[in-house]
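Participant: got a predicted structure plus its sequence, pasted below:
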Amino acid sequence: MSTFGDPAARRRVLWGTLGLGGLGAAIGLNIAILKNLQPIARHTLTMSANWTIYGLFFLTTREMLLAEQYGKNRDLRLQVSQTRDADKMFSSTMAGMLTGGMLALVVRRTRRAAVSGALFFGAISAVGQLTYTALNHRRQQWIIRKMGYSTTAETEPKPDESMSLAARLRRAVSVDPITWLPAWFPVRRISSPEYRSILQARQEELTFEMRGLRETIASMDQREQVLLQRLNEEQ
């Protein structure tokens, strides 16, 4: 499915762009007030427009890169959950670099500015994605612990392996590079038991939300019956 054909991707782009536009307006308003820039409304709208354009280009590029990465998973027979963190990190960093380089080139019209803008915005996007991923992992671990499940994956003992040069090279090529990252690094692949625990926790959340919706609908039906009864009595 294309980026614009995915309703979830469209919602992320829309709400993300609106959110960045609102944040830009708030920042522009505060800068205009602090520096006494007149007219204040023009500076506020200008900052909001700049942030909206940046957000639209960045989020659209990010979703397109994510869709491409997810498409490769199907060819490699990988689950999206297995590569989600790495795919989001790559897509956010590349989208930030492309957007920052383009904006710097348009504003300053020099190659040096384009390179510095790409590096600066790429670094900001990478740090932002790392922070979001780390917080999301903490939230998932908290949900799993609250549900009473273990957060450590069971590991099987490895058999004796050959230490020949050919065997070492074969293992180096077959090992997932993400497993080389330190334990504190937020980008990682989740194990199958961990993934099932997250799905089960999410299912419990959805069940709780559905129960609340059913209660709300029942309450509304009851109110509707009371109103209809009163109308019939008045007639």
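Facilitator: Structure's in. What do you need? Numbers count the residues shown, from 1 in each chain.
Participant: can you tell me the SS state at A25?
Facilitator: When classified by DSSP: H, G, I helix; E, B strand; the rest coil, A25 comes out as helix.
Participant: what's the neighbour count on it?
Facilitator: Here the number of neighbours of A25 (other Cβ atoms under 10 Å) works out to 19. In this view, the C-beta of every residue, glycine as well, is placed from N, C-alpha and C.
Participant: wait, it sits on M47?
Facilitator: Yes. Assessed by Cβ atoms under 8 Å, A25 is found in contact with M47 at 6.5 Å.
Participant: residues that sit against both of those two, list them.
Facilitator: Counting by Cβ atoms under 8 Å, 6 or more residues apart in numbering, A25 and M47 have no contacts in common.
Participant: grab the longest helix from this protein for me.
Facilitator: helix 192-234 (DSSP state H).
Participant: gap between that one and the chain center?
Facilitator: 28 Å (Cα atoms, centre = their mean, to the nearest Å).
Participant: what do you get for stretch 55-66?
Facilitator: Worked out by Cα atoms, centre = their mean, stretch 55-66 lies 11 Å from the chain centre.
Participant: thinking again about what came up before, give me the helices and strands touching the longest helix of the chain, please.
Facilitator: Helix 192-234 sits against helix 111-146, with contacts defined as 3 or more Cβ pairs under 8 Å, 6 or more residues apart in numbering; DSSP states H and E.
Participant: report the buried residues of the helix it packs on.
Facilitator: Under the neighbour-count criterion of 16 or more other Cβ atoms under 10 Å, helix 111-146 has 113-114, 117-118, 121-122, 125-126, 129-130, 133, 140, 143-144 buried.
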